[in-house]
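# show me how the following folds:
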Amino acid sequence: SIFLREVATLGEGSAFGELALINNKPRAATIIASRFCQLGALDKSSFKAILGEVAARKLNDQIDFFQKQPIFSALTRINLSKIVYFFKLTNHHRGDKVYGDHDKSDHIYIVHKGDFKLIKDLDIAYNFSRSTSQDHGIDVDGHRRGKVGRKYTSVKRRIEVKVVGEGDIFGFEDIIMEREMRQLSCFCNSEVGELYRIRKVDFLAKF
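So this is what the prediction gives:
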């Protein structure tokens, strides 16, 4: 019997099958519809005539970028061509939230362009002393002493933990530590930014 292992789930707007056409290689995966789908299809000759050169250049640019990163530097271009397939490029503008504190830890990110801030929101408790009117005796100077109580209040403070830039990987700390929820928030810090994003399950399966 043949055992099939799920390596990716593709949604609306995703494309697949181009690697075999670009590299003139047999299919490397089986595609199965998980529910009713409507698909558009191009045969090999039409794909190469319309998109082949653009798709090949895009793939080579992706491989060049990933090969510069230490975590991928030992991989061959053929292996990288299979891995980059699992990364999705997302676009952001200044102030956009990538994820928030206590969001689910389900992706790992690599900065392609721009920079991003990692933020920690803290509740800082302050206490203030106050005297009550309750008589608590006489002090050495002959003055009445009041009973001292404590009044607490908390103030929210946003602490910038780190700024990450091109080629930096982040979001994996929570996954490595097996934390289900994020410990930090992430926001785009530059005018525009681009991130490569990979699902946790795909990253752990590949690395």
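# next SSE after the top helix by length along the chain?
Secondary structure assigned by DSSP state H gives helix 53-67 as the longest helix of the chain. Using DSSP states H and E, the helix or strand that follows helix 53-67 towards the C-terminus is helix 77-83.
# who are the packing partners of that following helix?
Applying 3 or more C-beta pairs under 8 Å, 6 or more residues apart in numbering; DSSP states H and E, one finds that helix 77-83 contacts helix 18-23, helix 53-67. Just so you know, the C-beta spots here come from the backbone N, C-alpha and C atoms, and that holds for glycine as well.
# the helix or strand following it vs helix 53-67, what angle?
As assigned by DSSP H and E, the chain's next helix or strand after helix 77-83 is strand 88-93. With axes from the mean of the first three to the mean of the last three C-alpha atoms, to 10 degrees defining the directions, strand 88-93 sits at 80 degrees from helix 53-67.
# so in that sheet, which strands flank strand 88-93, and in what orientation?
Strand 88-93 has the following strand partners under DSSP bridges: strand 192-199 (antiparallel).
# pull out the buried residues from the following helix or strand past the partner strand.
Using DSSP H and E, the helix or strand that follows strand 192-199 in sequence is helix 200-206. Going by neighbour count (16 or more other C-beta atoms under 10 Å), the buried part of helix 200-206 is 200, 202, 203.
# now tabulate those in JSON lines and tack on pLDDT and distance to residue 160.
As requested, the buried residues of helix 200-206 are exported to JSON lines (pLDDT from 0 to 100; distance: C-beta to C-beta, whole Å):
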{"residue": "200", "pLDDT": "88", "distance to residue 160": "25"}
{"residue": "202", "pLDDT": "84", "distance to residue 160": "30"}
{"residue": "203", "pLDDT": "85", "distance to residue 160": "26"}
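# now those in a markdown table, with distance to residue 28?
Output for the buried residues of helix 200-206, formatted as a markdown table (distance: C-beta to C-beta, whole Å):
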| residue | distance to residue 28 |
| --- | --- |
| 200 | 22 |
| 202 | 15 |
| 203 | 18 |
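# closest one of those to residue 26?
Of all the buried residues of helix 200-206, residue 26 sits closest to residue 202, with 21.8 Å by C-beta to C-beta.
# thanks a lot, see you next time.
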